[in-house]
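Student: show me the folded form of this:
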Amino acid sequence: MIYFTADQHYGHTGIIKFCDRPFKDVEDMNEGLVSIFNSIVTDKDEVYHLGDFAFNDPALWVARLNGRRHHLILGNHDYKRLNGIKNSSFSTVQDVLYLRYEGYRLFLSHYAHRVWRNSIHGSMHLYGHSHGNIPDFNRSMDVGVDRLGYKPISIVDVIGKLMLRPITDQHDMEVGRDALSCNI
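Tutor: This next block holds a predicted model:
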């Protein structure tokens, strides 16, 4: 199975207050996130982390998480630890990814987009960064831990939710219609 998650912020004391996380301190948060993650993901699964993974050595956390392969889509806080990330246990590290799965297409980014590659043709978009503060838009979804009860979400659940939503047609958007004009 494939899973998605974002914004764990392992080792980040301040995130508990910033996001009103229900943990008493950073150690409690770290252990809680690892425990919840490992109760869902098995060693046969593949996981895409959509940014802001850890505020200390990423390899420490990847080693403790179930999953046969871990992929990182870089978030704004990950760039500060890029050397450590490149030497960690992530199978791949990239800025964005266009993933194909059984005929479905998913655009993965740390950041929310209003339009994305093939959104007009029904592709889906998964993101983090907003910690549940930006509403989902059509076939886009915040997969951050603050939005999803600190749990990763399976690709089956993502597809089940997003395929019921409308396709994003940037040529027929109500908001910002004038901004989309081609009169240059």
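Student: which non-adjacent residue is nearest Ile155?
Tutor: Ile2 (4.1 Å; Cβ to Cβ, 6 or more residues apart in numbering). Every residue, glycine included, has its C-beta placed from N, CA and C.
Student: who does the one you found form a beta bridge with?
Tutor: Glu46 (DSSP bridges).
Student: tell me the contacts of it?
Tutor: Applying Cβ atoms under 8 Å, 6 or more residues apart in numbering, we find Ile2 in contact with 45-48, 101, 154-155.
Student: before we move on, what about Ile15?
Tutor: 9, 21, 29.
Student: if you count residues, where's the longest helix of this structure?
Tutor: Secondary structure of the chain read by DSSP state H shows that its longest helix is helix 26-40.
Student: on that earlier part again, now pLDDT and distance to Tyr111 too, for the contacts of Ile15, in CSV please.
Tutor: Rendered in CSV, the data for the contacts of Ile15 read as follows (pLDDT from 0 to 100; distance: Cβ to Cβ, whole Å):
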residue, pLDDT, distance to Tyr111
His9, 95, 16
Arg21, 96, 21
Met29, 97, 23
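Student: list only those of those flagged as buried.
Tutor: In terms of neighbour count (16 or more other Cβ atoms under 10 Å), the buried residues within the contacts of Ile15 are 9, 21, 29.
Student: once you drop chain neighbours, what's closest to the last one?
Tutor: Spatial nearest neighbour of Met29, chain neighbours left out: Phe23 (3.7 Å); criterion: Cβ to Cβ, 6+ apart.
Student: can you tell me the SS state at the one you found?
Tutor: The three-state label for Phe23, taken from DSSP: H, G, I helix; E, B strand; the rest coil, comes out as coil.
Student: thought it was touching Gly32?
Tutor: Yes. With contact defined as Cβ atoms under 8 Å, Phe23 reaches Gly32; the gap is 5.7 Å.
Student: pLDDT on stretch 107-114, on average?
Tutor: Over the span of stretch 107-114, the pLDDT mean works out to 95.
Student: need the distance between the two termini of it.
Tutor: Using Cα to Cα, to the nearest Å, the gap from the first to the last residue of stretch 107-114 comes to 12 Å.
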